[in-house]
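Participant: okay, predicted coordinates and the sequence, questions at the end:
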Amino acid sequence: MTLLQPGEYQVEVTAWTPVDSDARTLTVHMVGVSSGLRLTPPADDSQGGSSVTMELAMDELVGEFCILVDYGDGTNRAYEFPTGACSAYTDVEAVTLTSPTTPLTHEYQDDGRYTVTVESFNSFQNETLHVDVTVSTADCRDPYVIIENVAPDFRYPTKVQKSKTTHVYGSDDLDCSLLDNRKQWVIVEVNPADGSVISVIDTSSLDTTNKRELVLPKHFLPYGLYKLTFTVTMTFHTNPELATRYAGQFVGSAITYIQVGKSDLIVRIVDGGMSYMTVGGDTDLELEPEMHSLDPDEVRDGTVACIFFSQILHSGLLWHSSFQTK
C-alpha cells in the first residue's frame, strides 16, 4: 500500500481462518515533506559592502518544517512553516514563511569571508546547505571558476581508464583588483552510494601548483570514484599588510567526478601482435597468447592466464580465445 497525499488515513487489517476472523485498525498520519531546498549566493552587486542578500527557495510549502540560518558571524535566524513548527527546536523567534521563495538579507559589521549555513528539519528529514559570502571594501569579486566537460553529479561521473593518462582542464574569470591568485587541485575518493568522502588522495607527486590543467598519469589512481576540486584564491603576495587583511576572502571553486575503471585487455596471439599471417604448410607456428597478451592496468610480472581453442575453417585457422588476468 502506498499513501501518496498528506492526510490522516484509517488502515484496517483483517485476518481469517476457517473458523474465526479478527480485525485491527491503525490510524496513519501522512505528513508532507519539503523538497528542492536551495540557497542562492549574493549577486555581484551585493558584494563588496556590508549588506548582502541571498535567496532561500524550495519547490513548495508543504508539511511542516523549521529552517535555521547561521550567517557565520554569530547571527542566527529561524523560519518556519506553519507557525509554531520551530518551537520544539530553537528559542530563536521564527518568521513564518508565506512563499516558497524568501530573500535573506543580512548586514555584516566587518569585512571577511563568512560561511552561511542553512539547516531544514522536521521529525522525518534533515537537510543542510552551505554558501560562502564575501564582504569587503576591496574592488574584487570571487573568481568565476569552471571545469571543462564537467560531471558535477557523483551518480554520473566521467569514465576514464586506469591505464590512460587523464587530463582535466579548469578555467577562471577574474574580476578583481588583486592581481595575484593561487590555483589548487584537490582529489578525494568518494563512496559511490552517497558521495561521502572516503579518503584524501596525496597529490604531492603531481605538478599542480598554480596549474589550470590537472594531469593524472596512468596508474596514478586505483579503481574507484573520485571528486576533483579546482579552487582559485585571490591573494596579495607582494603586500603583507593587504595579504593579511584580505586573506581567503575571494575564492572560487568548481568540482567534477571521474570514475576510474578497467582498461581493455591487449590480446596478442603472437609476438608483435599481428592479426594476419601467411606461413608455409611445412612451417611451425608457435601461438602463445598467454605470453604476449597483457592487462594494461597492471605492472606485468608474469603471464596472462587464458583459455583458447581453434578450428580449421576452409584454408584459414579460426582462433577463439578468452583472457583472464592472474
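Facilitator: Nice, thanks for sending it over. Numbering: from 1, shown residues only.

Participant: and the residue lying farthest from the centre of the chain, what's its pLDDT?
Facilitator: Relative to the centre of the chain, and counting by CA atoms, centre = their mean, the farthest-placed residue is residue 282 at 61.8 Å. Per-residue confidence (pLDDT) for residue 282: 74.

Participant: give me phi/psi at it?
Facilitator: With angles defined as degrees, to the nearest 10, residue 282 sits at phi -100, psi 10.

Participant: any idea how far it is from residue 276?
Facilitator: 20 Å (CB to CB, to the nearest Å). (C-beta placed from N, C-alpha, C; glycine too.)

Participant: can you pull the contacts of residue 297?
Facilitator: By CB atoms under 8 Å, 6 or more residues apart in numbering, the contact list for residue 297 reads 161, 162, 163, 219, 262, 263.

Participant: how about 10 Å then?
Facilitator: The contact partners of residue 297, by CB atoms under 10 Å, 6 or more residues apart in numbering, come to 161-164, 218-219, 222-223, 260-265, 325.

Participant: mind listing what the closest residue to it other than its chain neighbours touches?
Facilitator: Closest residue in space to residue 297, ignoring its immediate chain neighbours: residue 162 at 4.5 Å, by CB to CB, 6 or more residues apart in numbering. By CB under 10 Å, 6+ apart, the contact list for residue 162 reads 218-224, 260-263, 295-298.

Participant: give me the PyMOL select line for the residues you listed, limited to the buried ones.
Facilitator: Command for PyMOL, covering only those of the contacts of residue 162 found buried under the criterion 16 or more other CB atoms under 10 Å:
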select buried, resi 220+221+224+260+263+295+296+297
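
Participant: can you list which of the contacts of residue 162 are found in strands?
Facilitator: The strands, defined by DSSP state E, take in 224, 260, 261 from the contacts of residue 162.

Participant: pretty sure residue 231 is touching residue 208, no?
Facilitator: No: counting by CB atoms under 10 Å, residue 231 sits too far from residue 208 to count as a contact (11.0 Å).

Participant: which parts of the stretch 151-300 of the chain are strands?
Facilitator: All strands of the stretch 151-300 of the chain, identified by DSSP state E, counting those that start in this stretch, fall at 158-161, 166-173, 180-190, 197-200, 213-216, 224-235, 251-261.

Participant: quick check: mean pLDDT of stretch 287-297?
Facilitator: 74.

Participant: list the buried residues of it.
Facilitator: Within stretch 287-297, the residues scored as buried using 16+ other CB under 10 Å are 289, 290, 291, 292, 293, 294, 295, 296, 297.

Participant: over to stretch 163-182?
Facilitator: For stretch 163-182, a neighbour-count test (16+ other CB under 10 Å) marks 163, 166, 168, 170, 172, 174, 176, 178, 181 as buried.

Participant: biggest separation within those residues, which pair?
Facilitator: Maximum pairwise distance among the buried residues of stretch 163-182 (CB to CB): 41.8 Å, between 163 and 178.

Participant: what's the end-to-end length of stretch 201-221?
Facilitator: 9 Å (CA to CA, to the nearest Å).

Participant: how far off centre is it?
Facilitator: 19 Å (CA atoms, centre = their mean, to the nearest Å).
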